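Chemist: The sequence and its predicted three-dimensional model are supplied below.
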Amino acid sequence: MRQLSTTLDALKRDQDNMRQLSTPLDALKRDQDDMRQLSTALDALKRDQDDVRQLSTPLDALKRDQDDIRQLSTPLDALKRDQDDMRQLSTTVDALKRDQDDMRQLSTTDDTLKRDLDKEGSRTAALEQRLHEMPSCPTGYTMFRGTCYKAFNTRKTFSDAAAACGEDGGTLAMPRDAETDTFLISLHSAVSGKRPFWFGLHDQREEGSFEWVDGSSLGTYNSWCPGEPNNNRGREDCVLHNSEDEWNDAPCNRKYRFICQIVPGRPLATGGTLTTNVLRLSDHPQ
């Protein structure tokens with residue numbers, strides 16, 4: 001019994017030892033499982049690493065392509081700038097073409113203007129030549145419509161005034177139209193103001209039948225003052241411009257300023273008188 005008890009005790013100790021050994025064994029098993037899991041994860045990582053290696057090749061290619069694109073972008077930008085420059089140049093060329101067309105039109109216009117200018121120059125030269133050849137007025141006389149006129153600021157009777165005009169080679173002025181009449185008024189006003197003046201109209205031959213000093217009839221134009229001619233007291237046979245710039249018959253022996261007219265180019269007479277149809281008898285009261 002003692003031996004069996006000893007054996008039993010030894011078995012119990014062995015059992016306890018086995019229990020103590022089972023704990024590290026379980027730990028070893030767990031570690032073995034962990035190792036298996038780690039091995040699996042490691043294998044997965046290796047596969048991922050292989051995949052990454054495989055991916056690195058196209059990635060490197062993409063990087064090289066990106067570098068190539070960067071290098072291409074520089075000449076592309078230059079091409080875009082060149083394209084913009086070409087557009088600006090095209091606009092400038094179009095403007096230059098329009099300017100060229102305008103210049104052609106201007107050239108045509110300029111040629112036309114030159115021809116017209118040459119024609120005008122020829123006409124001007126011809127007119128200057130004609131003007132040079134045209135007879136001029138003597139000193140003191142003013143040209144109007146091809147006749148020379150002069151206002152005298154001295155007072156004379158009608159016949160003496162006519163004689164003074166004859167000494168210059170002319171006659172008393174004969175305003176046969178409104179324009180000439182207006183010119184004579186302005187010419188006289190510049191010399192003598194609004195004072196009356198003789199001009200070459202009278203009815204000494206026949207009362208009421210007015211004629212010019214060259215013998216021609218009065219004609220259609222006149223500028224009589226209202227109520228004139230009236231031959232007041234039967235003594236008014238010569239005509240003057242009154243202070244109202246209208247015609248008025250007056251005694252021929254009265255002294256007034258006067259206006260003469262002569263033909264252009266005729267030299268002033270040095271002696272004698274020009275014959276006129278003026279009767280000196282009318283200078284005296286009737």
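Modeler: Sure, I can see it.

Chemist: pull the helix or strand with minimum mean pLDDT from the chain.
Modeler: Least confident helix or strand of the chain, by mean pLDDT, DSSP states H and E, is helix 2-133 with a mean of 81.

Chemist: Next secondary structure element downstream of it?
Modeler: For helix 2-133, the following helix or strand on the C-terminal side (DSSP states H and E) is strand 142-144.

Chemist: returning to what we had before: does anything pack onto the least confident helix or strand of the chain? Which helices or strands?
Modeler: Here helix 2-133 touches no other helix or strand, going by 3 or more Cβ pairs under 8 Å, 6 or more residues apart in numbering; DSSP states H and E. For the C-beta atoms, the positions are set from N, CA and C on the backbone; glycine is no exception.

Chemist: Might one say that residue 154 is in contact with residue 257?
Modeler: Yes: Residue 154 lies in contact with residue 257 (Cβ atoms under 8 Å); the separation is 6.8 Å.

Chemist: more crowded one of the two?
Modeler: Counted by other Cβ atoms under 10 Å, residue 154 and residue 257 do not tie: residue 257 has more neighbours, with 21 against 12.

Chemist: Now do the buried residues in stretch 230-243.
Modeler: 235-242 (16 or more other Cβ atoms under 10 Å).

Chemist: Make TSV from the residues you listed and add pLDDT to it.
Modeler: Shown next, in TSV, are the buried residues of stretch 230-243 (pLDDT from 0 to 100):
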residue	pLDDT
235	94
236	96
237	97
238	98
239	98
240	98
241	97
242	96
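
Chemist: Distance to residue 125 added to those, as CSV?
Modeler: As requested, the buried residues of stretch 230-243 are exported to CSV (distance: Cβ to Cβ, whole Å):
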residue, distance to residue 125
235, 57
236, 53
237, 51
238, 47
239, 45
240, 45
241, 41
242, 47
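
Chemist: Check the offset of stretch 200-209 from the chain's centre.
Modeler: With Cα atoms, centre = their mean, to the nearest Å as the basis, stretch 200-209 stands 60 Å off its chain's centre.

Chemist: Alpha carbons only: can I get it in PDB?
Modeler: Output of stretch 200-209 as PDB, limited to C-alpha atoms (Å, rounded to 0.1, in the frame of the first residue of the first chain):
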ATOM      1  CA  GLY A 200     -26.400 163.000-116.500                       C
ATOM      2  CA  LEU A 201     -30.200 163.200-116.900                       C
ATOM      3  CA  HIS A 202     -32.300 166.200-118.100                       C
ATOM      4  CA  ASP A 203     -35.300 167.300-120.100                       C
ATOM      5  CA  GLN A 204     -33.900 170.500-121.500                       C
ATOM      6  CA  ARG A 205     -35.000 169.700-125.100                       C
ATOM      7  CA  GLU A 206     -38.600 168.900-124.300                       C
ATOM      8  CA  GLU A 207     -40.300 169.400-121.000                       C
ATOM      9  CA  GLY A 208     -41.200 166.000-119.500                       C
ATOM     10  CA  SER A 209     -39.100 164.000-122.000                       C
END
